[in-house]
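K.L.:
sequence and predicted model, in that order:
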Amino acid sequence: MSVRAWVFGFVVLMAAPTGAGERLALKVSPAVAFAPANLIVRTTVEADSANRAMEVVAESRDFYRSSSVELDGDKAPRTTQFEFRSLPPGMYAVRAILLGSDGHTRAAVRQDVNVIASGGAK
């Protein structure tokens, strides 16, 4: 099997939607980008009356950005979209954390993103 076919298969598996019954799912686009990068983060939350807040974080060794939103339990939108603009180069861990009415973490998911320095940067 060629390296290209293996990499393609791996990417397809990693991009596959999560199964039903998951409390929280995360999709970050693009997975690889040139700096300064704009990332679109889409979260999907299972409806539950205990859901109270969600925090999304994009973090690299040298950069941190986060956003949070309150959720109205089972009345909250199932899908929420976040956008992180102008991210500098680095390997990012993008995380979504779902918080319950007691303030504790109900679910957490992560996806890695690579932001590559532009060829023209000096």
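P.N.:
Everything's here; your move. Fair warning: this is a prediction, and the values are worked out from it, not measured in the lab.

K.L.:
and Pro74, that's in a helix?
P.N.:
Not Pro; residue 74 is Asp. Yes: assessed with DSSP: H, G, I helix; E, B strand; the rest coil, Asp74 lies in a helix.

K.L.:
could you look up the SS state of the closest residue to it other than its chain neighbours?
P.N.:
Nearest residue to Asp74, sequence neighbours excluded (Cβ to Cβ, 6 or more residues apart in numbering): Ala47, at 4.3 Å. In short, each C-beta sits where N, CA and C put it, glycine included. Three-state call for Ala47 (three-state DSSP): coil.

K.L.:
do a quick rundown of the strands in this structure.
P.N.:
Under the criterion DSSP state E, the chain contains strands at 24-29, 32-34, 37-45, 51-59, 64-70, 79-87, 90-100, 105-116.

K.L.:
dump the fourth one to PDB, keeping only the CA atoms.
P.N.:
The C-alpha atoms that make up strand 51-59 are tabulated as PDB, following Å, rounded to 0.1, in the frame of the first residue of the first chain:
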ATOM      1  CA  ASN A  51     -26.100  21.000  29.500                       C
ATOM      2  CA  ARG A  52     -25.300  24.500  30.700                       C
ATOM      3  CA  ALA A  53     -22.200  25.800  28.900                       C
ATOM      4  CA  MET A  54     -19.600  24.900  26.300                       C
ATOM      5  CA  GLU A  55     -16.100  26.200  25.900                       C
ATOM      6  CA  VAL A  56     -14.000  25.800  22.800                       C
ATOM      7  CA  VAL A  57     -10.200  26.300  22.900                       C
ATOM      8  CA  ALA A  58      -7.500  26.600  20.200                       C
ATOM      9  CA  GLU A  59      -4.100  26.200  21.800                       C
END
